[in-house]
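**Q** Coordinates only, no sequence provided:
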């Protein structure tokens, strides 16, 4: 079930499903979630396929709003909660001219913004309260 979510909820050309369907279908079997962006529409793009451009990559399938929806779904099914800290891994390759550190910082910023959009407090905000 991991690959259903990993590839922008797409698992073959012309075959796709929503993140909601993939997560709800796999909810009783999730052990960890790997989330990697992909480019599916532009075959000329250097990140075409399952090449893991950063979340928010213009030709990609996953943007901050999508990540917010995914986080909300993972909270709703209990995968992420106060008592259950399920594993969520974001896989992203640095873009040309961008360092690994810049990419990590950018993806953490996307994650933080997504938590805000999802209406969920981040773990650091929960610990402060």
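**A** Noted; the coordinates are in hand. Everything numeric in this text was worked out from a predicted model, so none of it was measured. Numbers count the residues shown, from 1 in each chain.
**Q** Output the below-cut-off pLDDT ranges for this protein.
**A** 1-16, 121-129 (pLDDT under 70).
**Q** Let me see the ranges of the helices in it.
**A** Here the chain has its helices, by DSSP state H, at 2-6, 19-26, 64-76, 100-118, 123-128.
**Q** Adding mean neighbour count and distance to residue 87, write those out as a markdown table.
**A** Yep, even glycine has a C-beta here, placed from its N, CA and C like the rest. A markdown table is the format used below for these (neighbours: other Cβ atoms under 10 Å; distance: least, Cβ to Cβ, whole Å):
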| stretch | mean neighbour count | distance to residue 87 |
| --- | --- | --- |
| helix 2-6 | 18 | 11 |
| helix 19-26 | 17 | 14 |
| helix 64-76 | 20 | 11 |
| helix 100-118 | 16 | 14 |
| helix 123-128 | 10 | 13 |
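**Q** So which of these is nearest residue 46?
**A** Closest to residue 46 of these is helix 100-118 (Cβ to Cβ; 15.5 Å).
**Q** what's the offset of the closest one from the middle of its chain?
**A** Centroid displacement of helix 100-118 relative to its chain, using Cα atoms, centre = their mean, to the nearest Å, is 10 Å.
**Q** Show residues contacting it.
**A** With contacts defined as Cβ atoms under 8 Å, 6 or more residues apart in numbering, helix 100-118 is touched by 54-56, 64-65, 67-72, 75, 90, 92-95, 98, 121-122.
**Q** Done for today, thanks.
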